[in-house]
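J.: Mind looking at a prediction? Sequence and model below.
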Amino acid sequence: MSLLINNKEFSTIHFTGILGSGMSAIAQYLRWTGVSVSGSDRLLNSEDTAIIKNKLTDLECSLFSQDGTGINEATDAICISTAIEESNPDIVAARQYNKPIFHRSDILAAIVSSKKTIAIAGTSGKSTVTAMVFEFLTASGKAPSLISGASLRRLENEGLIGNAYYGKSEYLVIEADESDGTLVKYYPSISVILNVSKDHKTIPELLELFSTFSKNSSVTIVNADDTWLASIGSAKTFGVYNNASYTPDSYQLDKLSCTIKRKGLTFSLPLPGAHNMSNLCAALAVCELTECDPLLLCGAVSGYQGVARRFTIYKTDKKIYVVDDFAHNPEKIKAAVNAARNLSSRVIAIYQPHGFGPTRFLKDDYIEAFRSVFKKGDILYLLPIYYAGGTAQKDISSDILINALGDISFTACAPQTRDELIKLVKQNASENDCVLLMGARDPSLAAFARTITDQLGGIEHNS
């Protein structure tokens, strides 16, 4: 089998950085369609990526060190992400063999054009809504495929990596990432725009991208509660608080869940937070458009199993909540902290910024967010900035962010190591506190959350 890209068939594709969440998802999907896949990764021998490596190997993906040896005359093309630099040995080898080099988004765009695609976009909540739409359509008998940037627990429980699935129908649900501007390459049947806030780009830049993305889509569903998105001008909208095409008749936020009622039916989602209630409305708006049975959806919503590192809650024997979350920009941090307050009045937050460029870009926004969301008695720990390699100007640090906070009512410091952090958390965390770990990109964070949980008494035996 092969994939049609720019009117040419490709049957053997090499992925540079194949163990990344977005790359491994596409690689799996292509293997399931019969395309031959090879790949390399700088973390090939890391314990943190061992599960992904083994499952790709089980799918007969050929894996190599990132030294160019995985590319040869038989390779039709290589796939790279924005993070791969021109000096990478795989790119050097591809140039030597005169092989075409495609960005990840070019491969995904080719897949999108071959299916009836539902693309989820927005600065925050993409992975969660992508997972919801996939689970809800599956429960409704729509048999969709999936390409996502995060692993679904339901698929993990089936023995998969969790970020991709090959269904029997024409439907494909994808996460459309705006961070590098490439989502404008996609022409989906249905697009959803969840929200917009400064992240990798400014709001005007993002609105321009989302506007083009909407024009590329047959139908666009836009969040009516986000005033920035009013300029998109979509006829289809969702919202909790404003008039929209899809809006609840009533809603309720609880400690561990959120519930909406619409047309006499109750949809209770086992995730807390106002942001998740908005995510639920977005997913149900898609399901209404695709004519899913509302009664089946009630069960699908209550049975939703969630996404890895999206407000994953552990409760310890010492009655301390530990929450692991992917939040990695100011708006996501505020949403995660506010959701954590449903669990505890006091939040002990740990955040690991990722990338020197993004941290520098968002410095003032981080400071504003920290000052506004943390209260007297809270504690904020900033770990050293996660560095994924490559060229970077290292003129920003967690210490600089802490010092810039000035006079605050909460406690804030920047531990230099994880061991130092754990000692501080053990000293300060007590019964009924919520310890909230936030950060992205670093594949070791999920295991670190479990380490923190173990250090605080281990998972409660009767929970």
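T.: Ah, there it is.

J.: can you pull out the helices in the stretch 101-250 of the chain?
T.: Remark: helices assigned in the stretch 101-250 of the chain by DSSP state H, counting those that start in this stretch are 104-113, 126-139, 153-156, 203-216.

J.: closest to Asp442 out of these?
T.: Taking Cβ to Cβ as the measure, those were each checked against Asp442, and helix 126-139 came out nearest at 16.0 Å. C-beta coordinates here come from the backbone N, C-alpha and C atoms, glycine included.

J.: packing partners for the closest one?
T.: Using 3 or more Cβ pairs under 8 Å, 6 or more residues apart in numbering; DSSP states H and E as the contact test, the elements touching helix 126-139 are strand 116-121, strand 171-175, helix 274-289, helix 294-302.

J.: May I see the ones you listed arranged in JSON lines, with mean neighbour count, distance to Ile147 and mean pLDDT as well?
T.: Converted to JSON lines, the helices and strands packed on helix 126-139 look like this (neighbours: other Cβ atoms under 10 Å; distance: least, Cβ to Cβ, whole Å; pLDDT from 0 to 100):
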{"stretch": "strand 116-121", "mean neighbour count": "26", "distance to Ile147": "9", "mean pLDDT": "98"}
{"stretch": "strand 171-175", "mean neighbour count": "27", "distance to Ile147": "5", "mean pLDDT": "98"}
{"stretch": "helix 274-289", "mean neighbour count": "24", "distance to Ile147": "16", "mean pLDDT": "96"}
{"stretch": "helix 294-302", "mean neighbour count": "17", "distance to Ile147": "20", "mean pLDDT": "97"}
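
J.: Cys61 is nearest to which of these?
T.: When the helices and strands packed on helix 126-139 are ranked by proximity to Cys61, the top entry is strand 171-175, at 20.2 Å, counting by Cβ to Cβ.

J.: which residues sit against the closest one?
T.: 22, 108, 111-112, 115-120, 126-127, 130, 133-134, 137, 142-150, 186, 188, 290 (Cβ atoms under 8 Å, 6 or more residues apart in numbering).

J.: just the buried members of those residues?
T.: 22, 108, 111-112, 115-120, 126-127, 130, 133-134, 137, 142, 144-150, 186, 188, 290 (16 or more other Cβ atoms under 10 Å).

J.: returning to that earlier point: right, so of the helices and strands packed on helix 126-139, which gets closest to Arg418?
T.: Across those, the minimum distance to Arg418, taken as Cβ to Cβ, is reached by helix 274-289, at 27.7 Å.

J.: Now do the closest one and helix 126-139, the angle between them.
T.: Taking axes from the mean of the first three to the mean of the last three Cα atoms, to 10 degrees, helix 274-289 and helix 126-139 form an angle of 40 degrees between their directions.

J.: For the residue most central in space within the chain, which non-adjacent residue is closest in space?
T.: Nearest to the centroid of the C-alpha atoms of the chain, with distances taken as Cα atoms, centre = their mean, sits Ser127, at 4.3 Å. Counting by Cβ to Cβ, 6 or more residues apart in numbering, Ser127 lies nearest to Ala150, which is 3.8 Å off, once chain neighbours are set aside.

J.: Now for the one you found: which residues touch it?
T.: With contact taken as Cβ under 8 Å, 6+ apart, Ala150 is in contact with 21, 127, 130-131, 162-163, 175, 307-310, 326.

J.: can I get these in JSON lines with distance to Cys434?
T.: Putting the contacts of Ala150 into JSON lines (distance: Cβ to Cβ, whole Å) gives the following:
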{"residue": "Ser21", "distance to Cys434": "26"}
{"residue": "Ser127", "distance to Cys434": "22"}
{"residue": "Thr130", "distance to Cys434": "26"}
{"residue": "Ala131", "distance to Cys434": "23"}
{"residue": "Gly162", "distance to Cys434": "26"}
{"residue": "Asn163", "distance to Cys434": "27"}
{"residue": "Glu175", "distance to Cys434": "28"}
{"residue": "Val307", "distance to Cys434": "20"}
{"residue": "Ala308", "distance to Cys434": "19"}
{"residue": "Arg309", "distance to Cys434": "16"}
{"residue": "Arg310", "distance to Cys434": "16"}
{"residue": "Phe326", "distance to Cys434": "17"}
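
J.: Relative to Thr316, which of the residues you listed is nearest.
T.: For the contacts of Ala150, the residue nearest Thr316 by Cβ to Cβ is Arg309; the value is 18.2 Å.
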